[in-house]
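J.: kindly generate the corresponding structure for this input.
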Amino acid sequence: MPDKITRGNLLLMAESKSYHEQTQINQTLRLREVLKTLPPFARDYFRAMEPKSSAKTRINYAYDIRVFFHFLMEANPNYKNYTISQFDVSDLEKLEPVDIEEYMEYLKVYRHEDELITNSEKGLSRKMSALRSFYSYYFKHQIITKNPTLLVDMPKLHDKAIIRLDADEVALLLDYVETCGSKLSGQALTYYHKTKDRDLAILTLLLGTGIRVSECVGLDLTDVDFKNNGITVTRKGGNQMVVYFGEEVEKALLTYINGDRKAATPLSGHENALFLSTQRRRMGIQAMENMVKKYARQVTPNKKITPHKLRSTYGTSLYKETGDIYLVADVLGHKDVNTTKKHYAAIDEDRRRKAASAVKLRES
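T.: Next comes the predicted model:
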């Protein structure tokens, strides 16, 4: 009889896996823990979701749907004395559209474990999408006969201006990382010298390829191909793709890899990681985000620059240079070109304005 698979030996097995495989294992284990905090019937929905979604998406949906059941226990008199395990699928069709509307109102501001939670338009929309999807599964499979979420308008999302760096700000940012050591002293200077080449390589790579921060932290040394100047990234959903880079990115990567990275002795399990933290572990998403913010606030204090804004900066530059929205969508890894069009509509507006004066009817 095979040994019982426990969280402990799953994690041991994960040590020999790649970063992305290990992340998938950890997220699957985490999802199982979250599902224990939902009504038992909810497992059917998440099992059905598995083939067409990532573990991370399912975790987010599980958290969102858990909020809905907590709302019912907190705010709906019919479920005041319920525990989460007492909910049955039939409870879903006992609710009316007004209950769903009350839930939408609740989501704007609510308390969870003494913490005040607020949701922006985007957060509200995601939670309502999760609930509508949850209901849709049971309705489509004729397990329930009513779907009140269909009778409630979804929250309206207003377009926000895309924050990105201008060309001169990109140069200022990279120049600052290269030279700001002259303004530092003591421990801050020591830390700067330890991380300067790594940070410059990360920023140049993000600005020069538009890859996501999650893709960047997952890079291994073997993912970098200097012969063809390409990096193999694992996109959302697990698909791999080669993204090509130019001379500036090549130079920054070579300086880091042949210098600080070569001299480092990574901890066990982190030997393959391209970008290491000062603790000699694979650099995490939060650490990379904090690093970008640390430098960016010195150069553009009025813009809240994150790694995703660097991605938008790259996408904007590429679209301005090529005018090819399909190329931009492909390089950025957007599955739907409409996502790309929505992000860069403002540039199209500029192009249309220029078109108005491009054609001369009479020579002056």
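
J.: so who does the closest residue to Y256 other than its chain neighbours touch?
T.: Nearest residue to Y256 in three dimensions, chain neighbours excluded: A201, at 3.9 Å (Cβ to Cβ, 6 or more residues apart in numbering). Any C-beta I mention is one placed from the backbone N, CA and C, and that applies to glycine too. By Cβ atoms under 8 Å, 6 or more residues apart in numbering, A201 lies in contact with A252, L253, T255, Y256, I257, F275.

J.: quick check: the last one touching R281?
T.: In other words, F275. No - F275 is beyond contact range of R281, at 10.1 Å (criterion: Cβ atoms under 8 Å).

J.: follow-up on the earlier one: as CSV, the contacts of A201 with secondary structure, pLDDT and distance to G230 would be great.
T.: Listed next are the contacts of A201 as CSV, based on DSSP: H, G, I helix; E, B strand; the rest coil; pLDDT from 0 to 100; distance: Cβ to Cβ, whole Å:
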residue, secondary structure, pLDDT, distance to G230
A252, helix, 97, 15
L253, helix, 98, 11
T255, helix, 97, 18
Y256, helix, 97, 17
I257, helix, 97, 15
F275, coil, 98, 17
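
J.: how far does stretch 30-49 stretch from start to finish?
T.: The straight-line separation of the ends of stretch 30-49 (Cα to Cα, to the nearest Å) is 16 Å.

J.: let me see the mean pLDDT of it.
T.: The pLDDT scores in stretch 30-49 average 96.

J.: tell me the buried residues in it?
T.: L31, V34, L35, L38, P39, A42, Y45, F46, M49 (16 or more other Cβ atoms under 10 Å).

J.: check what contacts that stretch and list those residues.
T.: Contacts for stretch 30-49 (Cβ under 8 Å, 6+ apart): 55, 57-59, 61-63, 65-66, 69, 84-89, 134, 137-138.

J.: narrow those residues to just the buried residues.
T.: With burial judged by 16+ other Cβ under 10 Å, the buried subset of the contacts of stretch 30-49 is 55, 57-59, 61-62, 65-66, 69, 84, 87, 134, 137-138.

J.: what residues sit buried inside stretch 250-262?
T.: A252, L253, T255, Y256, I257, D260, R261.

J.: so how far is V217 from the last one?
T.: Right, R261. Computed as Cβ to Cβ, to the nearest Å, the R261 to V217 distance reads 15 Å.

J.: what do you get for R198?
T.: Counting by Cβ to Cβ - R198 and V217 are separated by 12 Å.

J.: nearest to I117 among the buried ones among the contacts of stretch 30-49?
T.: R66 (12.5 Å; Cβ to Cβ).

J.: output the helix or strand hosting the closest one as PDB, nothing but the C-alphas.
T.: Using DSSP states H and E, R66 sits in helix 55-75. The C-alpha trace of helix 55-75 is given here as PDB (Å, rounded to 0.1, in the frame of the first residue of the first chain):
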ATOM      1  CA  ALA A  55      -5.000  27.400  -8.500                       C
ATOM      2  CA  LYS A  56      -4.400  31.000  -7.700                       C
ATOM      3  CA  THR A  57      -7.600  32.100  -9.300                       C
ATOM      4  CA  ARG A  58      -9.500  29.300  -7.500                       C
ATOM      5  CA  ILE A  59      -8.000  30.500  -4.100                       C
ATOM      6  CA  ASN A  60      -9.100  34.100  -4.800                       C
ATOM      7  CA  TYR A  61     -12.700  32.900  -5.700                       C
ATOM      8  CA  ALA A  62     -12.800  30.700  -2.600                       C
ATOM      9  CA  TYR A  63     -11.900  33.700  -0.400                       C
ATOM     10  CA  ASP A  64     -14.500  35.800  -2.200                       C
ATOM     11  CA  ILE A  65     -17.300  33.200  -1.900                       C
ATOM     12  CA  ARG A  66     -16.400  32.700   1.800                       C
ATOM     13  CA  VAL A  67     -17.100  36.400   2.300                       C
ATOM     14  CA  PHE A  68     -20.600  35.900   0.900                       C
ATOM     15  CA  PHE A  69     -21.500  33.200   3.400                       C
ATOM     16  CA  HIS A  70     -20.000  35.200   6.300                       C
ATOM     17  CA  PHE A  71     -22.300  38.100   5.100                       C
ATOM     18  CA  LEU A  72     -25.400  35.800   5.300                       C
ATOM     19  CA  MET A  73     -24.500  34.700   8.800                       C
ATOM     20  CA  GLU A  74     -23.800  38.300   9.900                       C
ATOM     21  CA  ALA A  75     -26.500  40.200   8.200                       C
END
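
J.: ok, then the element right after that helix?
T.: helix 97-108.

J.: quick one: low-confidence ranges for this structure?
T.: 1-16, 345-358, 360, 363-364 (pLDDT under 70).

J.: can you tell me the centre-most residue of it?
T.: Taking Cα atoms, centre = their mean, the centroid of the chain lies closest to S214, which sits 6.7 Å from it.

J.: now it. Nearest residue, chain neighbours left out?
T.: Per Cβ to Cβ, 6+ apart, closest to S214 is I285, 6.1 Å.

J.: longest helix in the chain, please.
T.: The residue-count maximum for a helix in the chain (DSSP state H) belongs to helix 186-209.

J.: for that helix, which positions count as buried?
T.: Going by neighbour count (16+ other Cβ under 10 Å), the buried part of helix 186-209 is 192, 195-209.
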